[in-house]
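Got a sequence here, can you build the structure:
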Amino acid sequence: MSDKVWISDVSIDANKQGLRWKYPCEEWIPAKHELSVATQDELNRRVRRYSAGYRLAEGDVPEAAAIWEPKCFAGTGDMFIVGTMYAVKPRLAEVLSRFDLGEGKLTPLKMYDADLVTPAPGEYWLLQLGARKNSFLPESSNQEGHRISSMGVAKRSGPVFTEGVEYWQVTSLIQDGDVAVSPAALGGADLWVEERVSKRLFMSGALAQAISEANLKKVDFRLKQCCVVGG
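From the prediction side, this is the model:
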């Protein structure tokens, strides 16, 4: 068991990837760089639940993608965006396949050329998240300069919030040791989302080391080491 925990601020621009995709029983999204604004229902079912680390329903997982502008897609790295989900190429897929993803998994992604019929070369996978932990310790974290700040207590329950629970946001300004977690973070999945922290991935020391050694192309997880308190 690794004794280290890392928080990731990985951010990937889904615009100008030269990709389009479709969900089950839906039409292909238009072939254009500017993405359509999601409806409230889509935000709740796809965007917010995925970023909160919940396993998405089958109907909310893209069933295929297509490269409508090859020059743009050639500029993507080992991780890119399909719909609301992270997609990965073989180098990163091999790393992730060696670790515990909880109820998450790597799902093969069908990729086509612009004609939506011809299979595109290469192999691709969707990263289905599905592990959540409750180990974040706000009282032991460094809240100086609002690098870590409260989003308030949820007044009612919703798709990703539970009434009466206080939620927190972590900015990109954090440094190593700013985010504190309990020893509960050391067990279970190697890649997860903290229940009370918005839009951040956490990972074990072993996974973080494997990612660092993989020499990934055009993807920076922007890892910061957490402080494990107690135990």
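
OK, contacts around residue 149?
143, 168, 169, 171 (C-beta atoms under 8 Å, 6 or more residues apart in numbering). C-beta coordinates here come from the backbone N, C-alpha and C atoms, glycine included.

same thing with residue 8?
Residue 8 neighbours (C-beta under 8 Å, 6+ apart): 200, 201, 202, 203, 221, 222, 223.

Poorly predicted segments of this structure, please.
1-2, 231 (pLDDT under 70).

make it 50
Scanning the chain for pLDDT under 50 picks out 1.

Could you list the domains of it?
12-128, 132-228 (automatic domain parsing).

so which of these comes closest to residue 3?
Of all the domains of the chain, it is domain 132-228 that lies closest to residue 3, at 6.6 Å by C-beta to C-beta.

thinking again about what came up before, can you check which of the domains of the chain gets nearest to residue 4?
Judging those by C-beta to C-beta, what sits closest to residue 4 is domain 132-228, at 2.9 Å.

still on that earlier bit, filter the contacts of residue 149 to the buried ones?
residue 168 (16 or more other C-beta atoms under 10 Å).

could you dump the contacts of residue 149 to a markdown table with distance to residue 68 and secondary structure?
Listed next are the contacts of residue 149 as a markdown table, based on distance: C-beta to C-beta, whole Å; DSSP: H, G, I helix; E, B strand; the rest coil:
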| residue | distance to residue 68 | secondary structure |
| --- | --- | --- |
| 143 | 45 | coil |
| 168 | 39 | strand |
| 169 | 35 | strand |
| 171 | 35 | coil |
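
Kindly indicate the member of the contacts of residue 8 with the most neighbours.
residue 202 (28 neighbours; other C-beta atoms under 10 Å).

Just the element for that residue, please.
In this structure, residue 202 sits in strand 201-204 according to DSSP states H and E.

Just checking: what are the partner strands of that strand?
Strand 201-204 pairs in its sheet with strand 5-8 (antiparallel), strand 191-194 (antiparallel), by DSSP bridges.

Quickly compare those strands and say which is most buried.
Mean neighbours per residue, mean count of other C-beta atoms under 10 Å, is largest over those for strand 191-194, with a mean of 24.

hmm, who's touching the strand holding residue 202?
2, 4-8, 10, 99, 133, 181, 185-186, 190-194, 211, 221, 223, 226.

switch the cut-off to 6 Å
Residues from elsewhere that reach strand 201-204, judged by C-beta atoms under 6 Å, 6 or more residues apart in numbering: 2, 6, 7, 8, 190, 191, 192, 194.
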